[in-house]
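Need the 3D shape of this:
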Amino acid sequence: MSVQPKKNSKVTINTLREMKAGKKKIACLTAYDVSFAQLLDDAGVDIVLVGDSMGMVIQGLDSTIPVTMDEMIYHGKIVSRGLSRAFLILDMPFLSDSSIEQAVKNAGRFMKECGANMVKLEGGADQKELVETLTRLGIPVCAHLGLQPQRVHKLGGYKVQGRDKAAAEKMLNDAKVLEQAGADLLLLECVPDALAKKITQKAGIPVIGIGAGNSTDGQILVLYDILGISAGHVPKFSKNYMHLTGSVQQAVKLYVEEVKSVAFPGDEHTFN
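This next block holds a predicted model:
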């Protein structure tokens, strides 16, 4: 039996697990408003992320750090109104999870007010207790490893993570700890292809990549990047699909098709 979601059936955690087990790629994109959300939903995008990337592509900021909970709630609410099929994830913004009590309150707001299906947290094994708590309370978690934009100043800039042996071993351990704590999804950003492949093979949960090669279970990009309309720097791992198609709808559909067929990402979008 095919594990590819039917066009109008709601994507769930079980759907994503079945897609990983059946080696069917998961196509994901960001969205920040209802019009784009509905377009992505209609094009067959499996996961829509309301990312704190809005700080850079919508608000013109230099980083994601200034994005607030109220801004995330606002955009989460309007994106959810455009979705009937896609799985909805919201980013926990900077310092919205600085304590377990605060994180539970904010994640609960995402679930209650925005209809989120999952929340996304940056951080490694240090987030173990928080992931365990959210899981116990029935809040699904996507763990985010590799380049973590909220920790960009601690990391020393927007750099590929996990290239040396010690860093790679730490990331492998972080992935294991977070999965054991109850994380249902893992996102790897700017990670060498070989390391991303190893993490994906070891993980029992779906692994989504962005600048992490084509061995992950799925791919995510910033919508504005694939449409060629981002105001700032467009990273190496992205691709301008608008340039190839000339239509927003066709650009998104081609992206989904290339993720599903493993045509994207290519070598030019991958770090070694």
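
Mind listing residues that contact the helix or strand where residue 73 lies?
Using DSSP states H and E, the secondary-structure element containing residue 73 is helix 69-80. Contacts with helix 69-80, where a contact means Cβ atoms under 8 Å, 6 or more residues apart in numbering, come from 31-34, 37, 48, 50, 52, 54, 88, 90-91, 93, 96, 106, 109-110, 113-116. Glycine gets a C-beta too; all of them are placed from N, C-alpha and C.

As CSV, could you dump the C-alpha coordinates of that helix?
What follows is helix 69-80 as a C-alpha-only set of coordinates in CSV (Å, rounded to 0.1, in the frame of the first residue of the first chain):
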residue,chain,number,x,y,z
MET,A,69,5.8,35.3,20.5
ASP,A,70,3.0,37.7,19.6
GLU,A,71,4.3,38.0,16.0
MET,A,72,4.6,34.2,15.8
ILE,A,73,1.0,33.8,17.1
TYR,A,74,-0.3,36.4,14.6
HIS,A,75,1.3,34.7,11.6
GLY,A,76,0.5,31.2,12.9
LYS,A,77,-3.2,32.0,13.1
ILE,A,78,-3.4,33.3,9.6
VAL,A,79,-1.3,30.5,8.0
SER,A,80,-3.5,27.9,9.7
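
Run the angle between the following helix or strand past that helix and helix 69-80 for me.
Using DSSP H and E, the next helix or strand after helix 69-80 towards the C-terminus is strand 87-91. Strand 87-91 runs at 170 degrees relative to helix 69-80, counting by axes from the mean of the first three to the mean of the last three Cα atoms, to 10 degrees.

For the helix holding residue 73, the averaged confidence score.
The average of the pLDDT scores along helix 69-80 is 98.

Repeat that for stretch 162-177.
According to the model, stretch 162-177 has a mean pLDDT of 95.

switch to numbering from 59
Noted, 59 is the first residue going forward, which turns the last one into stretch 220-235.

Could you list the residues in contact with that stretch?
182-183, 186, 201, 203-204, 219, 244, 249-250, 253, 256-257, 260-261.

again, 7 Å this time
182-183, 186, 203-204, 219, 244, 249-250, 253, 256-257, 261 (Cβ atoms under 7 Å, 6 or more residues apart in numbering).

Kindly report the same for stretch 176-189.
107, 147-150, 155, 158, 161, 165, 168, 197-203, 206, 208-209, 231-232, 235-236, 239-243, 245.
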